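**Q** Predicted coordinates and the sequence they were generated for:
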Amino acid sequence: MTKEVRVRYAPSPTGFLHIGGARTALFNYLYARHHNGKFIVRIEDTDIERNVEGGEASQLDNLKWLGIEYDESIDIGGPYAPYRQMERLDIYKEHAQKLLDQGLAYKCFCSSEKLEASREEQKARGVAAPTYDGTCRHLSAEEVAAKEAAGEPYTIRMRVPENVTYEFDDLVRGQVSFESKDIGDWVLVKANGIPTYNYAVVLDDHFMEISHVFRGEEHLSNTPKQLMIFNAFGWEYPCFGHMTLIINENRKKLSKRDESIIQFVTQYKDLGYLPEAMFNFFALLGWSPEGEEEIFSKEQLIEMFDEKRLSKSPSMFDKQKLTWMNNQYIKKLSLEEVVTLSLPHLQKAGLLPEELTAEERVWATDLIALYHEQMSFGAEIVELSSLFFNDHIEYDEEANEVLAGEQVPEVMAAFKVQLEGLEEFTPETVKAAIKAVQKETGHKGKNLFMPIRVVTTGETHGPELPNAICLIGKEKTIARVEKYAQ
């Protein structure tokens, strides 16, 4: 490439970093790094009524957590500052005046009530996508001056050219075209002086020398309006690539109101998902590498990223695949790292104290070790390990079937005697006690192990039995056996 690759992720602080935003940021980041280019984060904060407290910080903090490092932004600066739109109003104002001076834009004095009435009238006539009716398009200079002198508020609208076809080669979709006749004269600058998205984004992309724009397909219909601005100033277009929708398991467009899927990156962070796993998973949402392998490091993804392999079909957010992938990453962690990941969730649930004694930490470490291989995310330890914290065990249907075996009373009576005789309570001594019960009663296999597991843990499946019993503790285990016998 002859021109330096410069891409951007431009979130609005109207909300926190969402799955779709994270995917957009990631693909821009991978493209930039693959081509040794720059990745810029620009804050588009002109929707001032909808901006939320903490929205800006959520975007930046969670990008960093995911490992998506940017080269220029509001917090680290850069050669094209400022990177916050509300700090660039002078630029937008200056260029809006240039468009007015050239007759490429005009002032519109129509009230919101009149605009709404026009929209309703068009809908009544069966117009699917109502556009501005052009009332102010042909006002004379004298009429404009009179309205301004009377203090009438106005917006600035783009004078959409007639009979123009806007074409571009989309990096994902191929050749795309729009007709100007389908686009009404649209607002560049609102009555409060704040620019609209489709106007400001063009000036920012031009002056920040953005070379490529990867974004969601919902922005595809915005592109012809943006091309008008590029054309009006005689500027070169960036290369556009519109990524397909992310859909849920019902093949419906992912909505922020969809409660079947966790929507925000910070929620995954709080649940104890690993950033490396999330990075890997997001990279496969609408992009596919060659071959069948799915687990990749950041460095591998940067090396192999090819925009030609971006999908043209919607990408499904597969929750099971995400938990499987996160489990693959957790398995590779050391026990110490898994303890750091999951222990806070046991403490937050009130199952362990905030300050642990040395003995309590050893016990917690042994407990977490039981589930290291099967844990899919840190917070899952609370549910997985519930048997160690329940004072009252209720047997489910499967457990009751096990306890209905005629050999069970004999096995449990013998096991109680063995437990009471143990001076040391370790996995090795518990294992020896179970072996002694087998020798004494003649019962083995499922007939031996299943009753002991159900009575002591309340579950028919679980971690290594001697280890589990040892963690439950001698007194509590004997109490559970006695409760069964009542």
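**A** That came through, no problem. Residues are numbered from 1 along each chain as shown.
**Q** only C-alpha atoms for contact and neighbour calcs from this point on.
**A** OK.
**Q** What residues does the residue lying closest to E217 once chain neighbours are set aside make contact with?
**A** With C-alpha to C-alpha, 6 or more residues apart in numbering as the criterion, E217 has its nearest non-adjacent residue at 4.7 Å, and that residue is H242. Contacts here follow C-alpha atoms under 8 Å, 6 or more residues apart in numbering; on that basis H242 touches D170, L171, V172, R173, F214, R215, G216, E217, H219, L220.
**Q** Can you report how many residues neighbour the third one?
**A** Same thing as V172. Neighbour count for V172, taken as other C-alpha atoms under 10 Å: 19.
**Q** tell me which element it falls in.
**A** V172 belongs to no helix or strand when assigned by DSSP states H and E.
**Q** The nearest residue to it once chain neighbours are set aside and P275: what is the separation?
**A** In space, not counting the residues next to it along the chain, V172 is nearest to G241; the distance is 5.3 Å by C-alpha to C-alpha, 6+ apart. Distance of G241 to P275, computed by C-alpha to C-alpha, to the nearest Å: 26 Å.
**Q** Can you give the contact residues for the helix or strand hosting M325?
**A** For M325, the element it lies in under DSSP H and E is helix 319-331. Residues external to helix 319-331 that are found in contact with it (C-alpha under 8 Å, 6+ apart): 261, 273-274, 276-278, 281, 295, 338, 372-377.
**Q** which of the residues in it are buried?
**A** Residues of helix 319-331 classed as buried under the neighbour-count rule (16 or more other C-alpha atoms under 10 Å) are L322, T323, W324, M325, N326, N327, Q328, Y329, I330, K331.
**Q** quick check: mean pLDDT across that helix?
**A** If you average the pLDDT over helix 319-331, you get 97.
**Q** Now do the helix or strand just after that helix against helix 319-331, angle only.
**A** Counting by DSSP H and E, the next helix or strand C-terminal to helix 319-331 is helix 335-348. Between helix 335-348 and helix 319-331, the angle comes out at 120 degrees (axes from the mean of the first three to the mean of the last three C-alpha atoms, to 10 degrees).
**Q** so what does helix 335-348 touch, helix or strand wise?
**A** In terms of contacts (3 or more C-alpha pairs under 8 Å, 6 or more residues apart in numbering; DSSP states H and E), helix 335-348 is packed against helix 358-370, helix 380-384.
**Q** on that earlier part again, using JSON lines, lay out the buried residues of helix 319-331 together with distance to P79.
**A** Compiled in JSON lines, the buried residues of helix 319-331 are given as follows (distance: C-alpha to C-alpha, whole Å):
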{"residue": "L322", "distance to P79": "38"}
{"residue": "T323", "distance to P79": "41"}
{"residue": "W324", "distance to P79": "42"}
{"residue": "M325", "distance to P79": "39"}
{"residue": "N326", "distance to P79": "38"}
{"residue": "N327", "distance to P79": "41"}
{"residue": "Q328", "distance to P79": "41"}
{"residue": "Y329", "distance to P79": "38"}
{"residue": "I330", "distance to P79": "40"}
{"residue": "K331", "distance to P79": "43"}
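**Q** Can you tell me which of the residues you listed comes closest to S140?
**A** Proximity of those to S140 (C-alpha to C-alpha) peaks at L322, which lies at 60.8 Å.
**Q** Then Y106 would be within a helix, right?
**A** No. According to DSSP: H, G, I helix; E, B strand; the rest coil, the state of Y106 is strand, so it is not within a helix.
**Q** partner residues bridging it?
**A** According to DSSP bridges, the partner residues bridging Y106 are R157.
**Q** Buried residues, stretch 374-394. List them.
**A** Of the residues in stretch 374-394, those buried by neighbour count under the rule 16+ other C-alpha under 10 Å are 374-382, 384-385, 387-388, 393.
**Q** same deal with stretch 107-122?
**A** Buried residues in stretch 107-122, defined by neighbour count with 16+ other C-alpha under 10 Å: K107, C108, F109, C110, S118, R119, Q122.
**Q** In helices, which of those residues fall?
**A** Judged by DSSP state H, the subset of the buried residues of stretch 107-122 located in helices is S118, R119, Q122.
**Q** ok, which stretches of the stretch 201-350 of the chain are helices?
**A** Using DSSP state H, counting those that start in this stretch, the helices assigned to the stretch 201-350 of the chain run over residues 223-233, 265-271, 275-283, 298-304, 319-331, 335-348.
**Q** Comparing those, which comes out most buried?
**A** Of all the helices of the stretch 201-350 of the chain, helix 275-283 has the most neighbours on average by mean count of other C-alpha atoms under 10 Å, namely a mean of 21.
**Q** now it and helix 319-331, what's the angle there?
**A** In this structure, helix 275-283 runs at an angle of 150 degrees to helix 319-331, with the same axes, to 10 degrees as the basis.
**Q** shouldn't V160 be in contact with I183?
**A** Yes. Counting by C-alpha atoms under 8 Å, a contact exists between V160 and I183, whose distance comes to 7.3 Å.
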